[in-house]
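>>> next comes the sequence, and after it the predicted model I'd like to discuss.
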Amino acid sequence: MAANANEQTQEALILSFLSESGSDYTSGEALSNKLGLSRTAVWKHVEALRAKGYRIEAVSARGYRLVAVPDRLTALEVGPLLDTHDLGRTIHHHEALPSTNEKAFRLAQDGAEHGEVVVAEQQTAGKGRRGRTWVSPPGLNLYFSAILRPDLPPQRAPELTLVAAVALAESLRDAGVEAAIKWPNDVHIDGLKVAGILTELSAEPERVHFVIVGVGVNLNSQAEHFPEALRATATSLSLALGQPVHRARFAAALWTRLEEWLDLYLDTGFDAVRARWKALSSTLGQDVLVRTDRQELRGRAEDIDPSGALLVRTAEGSLERVLAGDVEQLRPRR
């Protein structure tokens, strides 16, 4: 395990040096001196990087030059783009997992630290809310779960879903689309679902052990990648923009934004998050049908309360507080 980590560190340093050189060549001797490695060891690391999809030119008497970087989500690609102190500084990357949330939960139980992230190029049994499946084709989108260890009582843990939703909607807007949040945990573009959030926790009655915030974002899926039943209700950032999305760059931007909101939330409380969530919401002010485990409720979504619960005004005039459920935003009557 330690040897593998050391190899990744050496490869990351080689990439860093080659990136700094831009279009210029870096000699093998210079890399050898900087890393304290033999020329043969440098060459072996370069070959390992090429095997992972990096295009590195080698010219006799001139050295090495980085030509192209693969669109993958390992620490080698995402790490140099991050501007965080904790989130994403340790990345557990997998080609395929049944579920990033399940893997992150196990890692957290084994002592993984705050900010560690599990990323998969593909999920074979991706988890959505209420037992649903999140469709996760390989190499196209962003599927990750962040391990958080906030100093919070368990009853406040659901607020973290809204923190993540704000960061996600803002990151999508930064990418060039008018993203909006549909209560409680979906993000839409033009009324079509582009992302979802699944929050799970381990806690005692008085304190949270850890929280897993799982996020799936459709970045480069095209219509044919969605099951036929979802094609009328789902979209991707690429479809909305009309061009491919650089996944590592988006992941780094999202994790940076998420950590900024987490820091603000943990320092000052939920008020700022609540205000921003309301500004980004597509649900508030709409006629809705809410389905919970116990009932169906129709009315106007008026607000979220200081804990993030949805407040719905019924036709009879009562104000109902909804903690969990599926919300269908109804078209206004003509």
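Done, it's in.
>>> flag every buried residue along the host helix or strand of Leu198.
Using DSSP states H and E, Leu198 maps to strand 192-203. Within strand 192-203, the residues that count as buried by 16 or more other CB atoms under 10 Å are 192-201. Every C-beta, even on glycine, is put in place using the N, C-alpha and C of the backbone.
>>> neighbouring contacts of that strand?
For strand 192-203, contacts defined as CB atoms under 8 Å, 6 or more residues apart in numbering pick out 101, 105, 108-109, 127-129, 134, 154, 157-158, 160-161, 164-165, 168, 172, 179, 182, 185-188, 208-218, 233-237, 240.
>>> next: stretch 24-33.
With CB under 8 Å, 6+ apart as the contact definition, stretch 24-33 has outside contacts at 14, 17-18, 37-39, 41-43, 57, 59, 62-65.
>>> narrow these to those in strands?
57, 59, 63-65 (DSSP state E).
>>> buried ones among the residues you listed?
63-65.
>>> now render these as TSV, adding pLDDT.
Shown next, in TSV, are those (pLDDT from 0 to 100):
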residue	pLDDT
Gly63	93
Tyr64	95
Arg65	94
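>>> just the buried subset of the contacts of strand 192-203, written out for ChimeraX, thanks.
In ChimeraX syntax, the buried subset of the contacts of strand 192-203 is picked out as below (16+ other CB under 10 Å):
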select :101,105,108,127,128,129,134,154,157,158,160,161,164,165,168,172,179,182,185,186,187,188,208,210,211,212,213,214,215,216,217,218,234,235,236,237,240
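>>> filter the contacts of strand 192-203 down to the ones in helices?
Among the contacts of strand 192-203, the ones falling in helices (DSSP state H) are 101, 105, 108-109, 160-161, 164-165, 168, 172, 237, 240.
>>> show me where pLDDT drops low in the stretch 101-250 of the chain?
Low-confidence segments of the stretch 101-250 of the chain (pLDDT under 70): 126-135.
>>> ok, 90 please
123-139, 184-185, 205-206, 223-233 (pLDDT under 90).
>>> which residue ranges of it form strands?
For the stretch 101-250 of the chain, the strands defined by DSSP state E, counting those that start in this stretch occupy 117-120, 142-148, 179-182, 186-189, 192-203, 208-217.
>>> how about CSV for the ones you listed, with distance to Glu328 added?
Putting these into CSV (distance: least, CB to CB, whole Å) gives the following:
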stretch, distance to Glu328
strand 117-120, 30
strand 142-148, 26
strand 179-182, 10
strand 186-189, 12
strand 192-203, 12
strand 208-217, 21
